[in-house]
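Trainee: only geometry, no sequence info:
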Ligand SMILES: [Zn+2]
């Protein structure tokens with residue numbers, strides 16, 4: 001709808017404040033944006049007219065006049081979340097308030113081919129069409145990928161465990177086929193964004209998500225913003241070196257954190273030190289390892305490498321909170337306790353209440369992060385959706 005509203009540059013900053021706070025009063029909005037009460041009044045009334053805000057009762061416990069609260073209408077539109085991983089892909093739909101509406105998982109060989117891309121696009125279109133009927137418009141499609149990407153152009157740089165995707169302009173291709181705005185990012189970046197938009201950062205603006213799965217990477221928030229660096233490599237801690245003559249890594253170097261502490265490294269070490277064994281999954285392999293002295297040595301070796309990795313993160317990025325996303329550590333709380341003890345022992349000047357290390361279960365959390373990539377972009381000042389309201 002055309003509008004004569006003149007303070008468009010305030011729309012995204014206000015919507016971000018409201019989203020992350022849950023709700024806001026007009027005086028709070030005026031204070032946080034640093035604008036007058038009259039400007040705030042017009043801004044909020046304009047967004048009420050556009051249907052993105054709703055009035056939500058009032059705040060205040062004592063007697064006297066209570067201020068009316070405003071929140072974002074979860075029904076304003078929906079988002080599509082696409083997670084591409086080694087064994088397939090998952091498509092979910094979410095409301096604007098991050099409530100999951102649907103999920104479809106696909107097990108597939110994800111080596112690139114035009115058929116793979118067509119399958120992904122077709123399933124995304126089906127999800128969009130399905131939710132268009134009852135949940136309004138699709139505001140965007142967010143993609144989480146296991147590798148490096150150029151988040152500004154939407155071109156994939158490199159997916160180390162998936163062949164054929166390098167330099168694919170995935171954003172442009174999916175936008176062409178789905179007709180909605182597409183945003184993409186690396187999976188560790190997407191995970192820390194999910195922590196941010198799901199409001200799990202407990203007020204911290206400096207936060208890290210360390211992803212320990214088949215590979216290792218980190219998503220790093222500095223003062224509330226995702227850090228990328230010159231080549232989108234900011235959180236690529238997986239390819240820093242722990243042991244110069246160590247095992248060969250997927251990047252071609254030796255002794256990287258990735259080759260020394262990932263699930264792939266864990267399975268390799270179990271196989272090398274306890275004899276070749278077939279395990280259905282990582283949980284079974286770790287349980288098996290716990291039963292023998294050689295297996296327990298492997299777990300200690302991997303945990304020691306994870307400790308060094310977290311130690312480097314703390315000293316390089318100085319976060320207030322670090323999420324450790326692991327597929328298996330959640331099953332072994334005593335090992336995680338040991339990791340915490342040793343990390344704090346290596347950074348003795350940091351008090352326990354100044355840094356939180358939180359174990360995050362990858363299997364519960366993994367398919368929600370594409371939605372956060374879309375939210376991060378939709379609420380950015382360059383957003384084509386909200387800044388045109
Ligand atoms: Zn490497």
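Mentor: Structure's in. What do you need? Keep in mind it's a predicted model, so treat the numbers as computed, not measured.
Trainee: how far away is residue 276 from residue 270?
Mentor: Residue 276 is 10 Å from residue 270, where distance means Cβ to Cβ, to the nearest Å. Bear in mind the C-beta positions are built from the backbone N, C-alpha and C, glycine included.
Trainee: tell me which of the two has more neighbours.
Mentor: residue 270 (24 against 7; other Cβ atoms under 10 Å).
Trainee: give the contact list for the more buried one.
Mentor: Counting by Cβ atoms under 8 Å, 6 or more residues apart in numbering, residue 270 makes contact with 277, 279, 285, 288, 289, 295, 298.
Trainee: I'd assumed it was in a helix, is it?
Mentor: Yes - according to DSSP: H, G, I helix; E, B strand; the rest coil, residue 270 belongs to a helix.
Trainee: related to what we said a few turns ago, which pair in the contacts of residue 270 has the greatest spatial separation?
Mentor: Pairwise distances across the contacts of residue 270 (Cβ to Cβ) peak at 12.8 Å, for the pair 279 and 298.
Trainee: of those two, which one has the most company?
Mentor: residue 298 (24 against 15).
Trainee: and the nearest residue to the more buried one once chain neighbours are set aside, what does it touch?
Mentor: Residue nearest to residue 298 in three dimensions, not counting chain neighbours: residue 269, with 4.5 Å by Cβ to Cβ, 6 or more residues apart in numbering. Contacts for residue 269 (Cβ under 8 Å, 6+ apart) come out as 298, 301, 302.
Trainee: which one of those sits closest to residue 73?
Mentor: residue 302 (46.5 Å).
Trainee: if we can go back for a sec, ok, which of the contacts of residue 270 also contact the ion?
Mentor: Here nothing survives when the contacts of residue 270 are matched to the ion using Cβ under 5 Å from the ion.
Trainee: which among those residues end up buried?
Mentor: Neighbour counting with 16 or more other Cβ atoms under 10 Å marks 285, 289, 295, 298 as buried within those.
Trainee: adding secondary structure, write those residues out as a markdown table.
Mentor: Compiled in a markdown table, those are given as follows (three-state DSSP):
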| residue | secondary structure |
| --- | --- |
| 285 | helix |
| 289 | helix |
| 295 | helix |
| 298 | helix |
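Trainee: of all the residues you listed, which comes closest to the ion?
Mentor: For those, the minimum distance to the ion (Cβ to the ion) is 20.1 Å, reached by residue 298.
Trainee: just the helices from the stretch 1-150 of the chain, written as ranges.
Mentor: Ranges of helices in the stretch 1-150 of the chain, per DSSP state H, counting those that start in this stretch, are 11-21, 26-33, 37-50, 114-135.
Trainee: mean pLDDT, mean neighbour count and distance to the ion added to those, as JSON lines?
Mentor: Shown next, in JSON lines, are those (pLDDT from 0 to 100; neighbours: other Cβ atoms under 10 Å; distance: least, Cβ to the ion, whole Å):
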{"stretch": "helix 11-21", "mean pLDDT": "93", "mean neighbour count": "19", "distance to the ion": "35"}
{"stretch": "helix 26-33", "mean pLDDT": "94", "mean neighbour count": "17", "distance to the ion": "43"}
{"stretch": "helix 37-50", "mean pLDDT": "93", "mean neighbour count": "17", "distance to the ion": "47"}
{"stretch": "helix 114-135", "mean pLDDT": "94", "mean neighbour count": "15", "distance to the ion": "26"}
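Trainee: reformat these as CSV; add distance to residue 202.
Mentor: Converted to CSV, these look like this (distance: least, Cβ to Cβ, whole Å):
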stretch, distance to residue 202
helix 11-21, 12
helix 26-33, 19
helix 37-50, 28
helix 114-135, 30
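Trainee: for these, which one sits closest to residue 377?
Mentor: Set against residue 377 and scored by Cβ to Cβ, those come closest in helix 11-21, at 10.6 Å.
Trainee: for that closest one, packing partners?
Mentor: Applying 3 or more Cβ pairs under 8 Å, 6 or more residues apart in numbering; DSSP states H and E, one finds that helix 11-21 contacts strand 24-25, helix 26-33, helix 37-50, strand 68-72, helix 187-197.
Trainee: residues contacting the residue in the stretch 101-250 of the chain that the ion sits nearest to?
Mentor: In the stretch 101-250 of the chain, the residue that lies nearest the ion is residue 249 (3.1 Å; Cβ to the ion). Neighbouring residues of residue 249 by Cβ under 8 Å, 6+ apart: 239, 255, 256, 258, 259.
Trainee: the third one: how many residues sit nearby?
Mentor: Residue 256: 27 surrounding residues under other Cβ under 10 Å.
Trainee: distance of the residue nearest to it when sequence neighbours are not counted relative to residue 342?
Mentor: Distances taken as Cβ to Cβ, 6+ apart put residue 249 closest to residue 256, at 3.9 Å, once the chain neighbours are dropped. Per Cβ to Cβ, residue 249 is found 24 Å from residue 342.
Trainee: and residue 300, by the same measure?
Mentor: Between residue 300 and residue 342 the computed distance is 11 Å (Cβ to Cβ).
Trainee: tell me which of those two has more neighbours.
Mentor: Higher neighbour count among residue 300 and residue 342: residue 342, with 16 against 12, using other Cβ under 10 Å.
Trainee: can I assume that one sits in a strand?
Mentor: No - counting by three-state DSSP, residue 342 is not found in a strand; it is helix.
Trainee: pretty sure it sits against residue 308.
Mentor: No - contact criterion Cβ atoms under 8 Å: residue 342 and residue 308 do not qualify, at 9.4 Å.
Trainee: one step back: where does confidence bottom out across the contacts of residue 270?
Mentor: The member of those with the lowest pLDDT is residue 277, at 68.
Trainee: any weak-confidence spans in the stretch 251-389 of the chain?
Mentor: 277-278, 280, 383-384, 387 (pLDDT under 70).
Trainee: that older thread, secondary structure added to the contacts of residue 249, as a markdown table?
Mentor: Shown next, in a markdown table, are the contacts of residue 249 (three-state DSSP):
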| residue | secondary structure |
| --- | --- |
| 239 | helix |
| 255 | coil |
| 256 | strand |
| 258 | helix |
| 259 | helix |
